[in-house]
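In: Mind folding the following:
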Amino acid sequence: MIRFLLVLLVLPMLAISDEDVIHDHMEGMKKDFKTINTLVAEPGKDEDLLKAIDSMQRHIVGSKCEVPYLIAEDTPEADRPAALVDYRARMADLLAGFARLEGHVLRGEREKAVALVAELDAQRKAGHRLYQ
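Out: Numbers count the residues shown, from 1 in each chain. Okay, the predicted model is just below:
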């Protein structure tokens, strides 16, 4: 039963994605993260910070169902379903983290926001080591 559910989850993702789509989203995320990292500690910049967080969330949603090149080309076919599940779960965790960040900013919880950005950066780096 679990294998069947895994196949249903992963099957739509097995089609090779357009490399430009995921690349564009990843470049957008890189730009947004730099903006977020700069603005998170600056009171009075919340409007720009929230715009960058929104853009980041959109890029995450846009890329989480894409297939990274390393999975599509360098991962053995038998290992791809598990690699895709791991990638998508990491992207879902990242999306949840940026939703929490948005909440901290909206509530004026600057210290929590700054700390969370550091955690999200560590998550981002761990994902890059695997899939970039």
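In: What are the buried residues along the lengthiest helix in the chain?
Out: Ranked by residue count and defined by DSSP state H, the top helix of the chain is helix 80-106. For helix 80-106, the neighbour count (16 or more other CB atoms under 10 Å) marks 80-81, 83-84, 87-88, 90-91, 94-95, 97-98, 101-102, 104-105 as buried. Any C-beta I mention is one placed from the backbone N, CA and C, and that applies to glycine too.
In: for that helix, packing partners?
Out: Here helix 80-106 touches helix 2-10, helix 46-63, helix 110-131, going by 3 or more CB pairs under 8 Å, 6 or more residues apart in numbering; DSSP states H and E.
In: Tell me where the model's unsure across the chain.
Out: Within the chain, the segments meeting pLDDT under 70 span 1-18.
In: 50 instead?
Out: Within the chain, the ranges that satisfy pLDDT under 50 run 5, 7-8, 11-17.
In: For stretch 19-31, C-alpha coordinates in PDB please.
Out: Extracted in PDB, the C-alpha atoms of stretch 19-31 (Å, rounded to 0.1, in the frame of the first residue of the first chain):
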ATOM      1  CA  GLU A  19      15.600  22.900 -16.900                       C
ATOM      2  CA  ASP A  20      15.000  26.600 -17.500                       C
ATOM      3  CA  VAL A  21      11.800  26.600 -15.300                       C
ATOM      4  CA  ILE A  22      13.600  25.200 -12.200                       C
ATOM      5  CA  HIS A  23      16.700  27.300 -12.900                       C
ATOM      6  CA  ASP A  24      14.600  30.500 -13.100                       C
ATOM      7  CA  HIS A  25      12.800  29.600  -9.800                       C
ATOM      8  CA  MET A  26      16.100  28.800  -8.100                       C
ATOM      9  CA  GLU A  27      17.700  32.100  -9.300                       C
ATOM     10  CA  GLY A  28      14.600  34.000  -8.000                       C
ATOM     11  CA  MET A  29      14.900  32.200  -4.700                       C
ATOM     12  CA  LYS A  30      18.600  33.200  -4.500                       C
ATOM     13  CA  LYS A  31      17.800  36.900  -5.100                       C
END
